[in-house]
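Undergrad: Kindly return the folded structure for what I paste below:
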Amino acid sequence: MVRTSLAFLATVITSANAYVFWPGFESIPPAYAPYTVALSSEPNGRVVCVGHLIAPSLVLTTASCLANDIQYAAVGASLVLNTTAAETIQVDRSIPHPSYDPTTRANDVAVLHLATPSAAAPVAISWDVVDASQPVTLRGWGQLVDGTKVNNALMETSASVWANTDCAFVYANVASPDAVSDSDLCAGGQSTDACVGDAGDALTIV
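TA: Okay, here's the model as predicted:
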């Protein structure tokens, strides 16, 4: 079973501003992760964030992604964007976490309601405690090299969950000592990580 970890969402948007994807990522076929959603402000537009279908009419993403005026969700656009195979659905409501703090990005979680239900199979949410060193998967259309355009194919890479104390120590050197809150679940890889365009992605655990 593939499960997505809700707690990681706040971390992805932070690391998306700080890291670069390096060799180790790979493209994946559309049927492999059909619940992964490309979010944009116009039909078949540039991907501004990633989401995960958690119910036929609900997409999980980050609250910070809502600043991008998300209007459309492309379900099944896994391999290449702007494809007629994608199920593009209008977003009719955006619901951020009531305790989301845009300054600290604590509780950086949101749910998008789709105007019509998707035919794709949703991913299952795990409410289990995720331990440090747990292997996880990151997916997105983010930049492959810092400063370039977002990628045209859905990519994935592997990472591991970090203890929040270790994560806070690293972020103290690149951001601020309080960059990691109790609502975050931190993860990263030795040579690969999320980049600009991967914001909103959730960890998946098989």
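Undergrad: Now do the strands in the chain.
TA: For the chain, the strands defined by DSSP state E cover 3-5, 26-27, 36-40, 49-55, 58-61, 72-75, 87-96, 110-114, 124-126, 135-140, 155-162, 186-188, 203-205.
Undergrad: Check which strands are paired with the fifth one and give the direction for each one.
TA: Within its sheet, strand 58-61 is paired with strand 49-55 (antiparallel), strand 110-114 (antiparallel), according to DSSP bridges.
Undergrad: could you give the mean pLDDT of the last one?
TA: When pLDDT is averaged over strand 110-114, the result is 96.
Undergrad: quick one: that strand to strand 36-40, angle?
TA: Relative orientation of strand 110-114 versus strand 36-40 (axes from the mean of the first three to the mean of the last three CA atoms, to 10 degrees): 90 degrees.
Undergrad: before we move on, the earlier item: save the strands paired with strand 58-61 as TSV, and put in mean neighbour count too.
TA: Every C-beta, even on glycine, is put in place using the N, C-alpha and C of the backbone. Listed next are the strands paired with strand 58-61 as TSV, based on neighbours: other CB atoms under 10 Å:
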stretch	mean neighbour count
strand 49-55	25
strand 110-114	21
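Undergrad: Check Ser5 and give its pLDDT.
TA: Looking at Ser5, its pLDDT reads 46.
Undergrad: Repeat that for the one 4 residues further on.
TA: At Leu9, the pLDDT value in this model is 38.
Undergrad: Over to Ala202?
TA: Note for Ala202: predicted pLDDT of 68.
Undergrad: ditto for Ile70
TA: Note for Ile70: predicted pLDDT of 91.
Undergrad: Also the one 5 residues further on?
TA: The model reports Val75 with a pLDDT of 87.
Undergrad: do Leu60 as well
TA: 92.
Undergrad: remind me which residues of the protein are low pLDDT?
TA: 1-32, 78-85, 142-152, 173-179, 189-202, 206 (pLDDT under 70).
Undergrad: can you point me to the longest helix in it?
TA: Counting by DSSP state H, the longest helix found in the chain is helix 164-174.
Undergrad: Just list what that one packs against, helices and strands only.
TA: strand 186-188 (3 or more CB pairs under 8 Å, 6 or more residues apart in numbering; DSSP states H and E).
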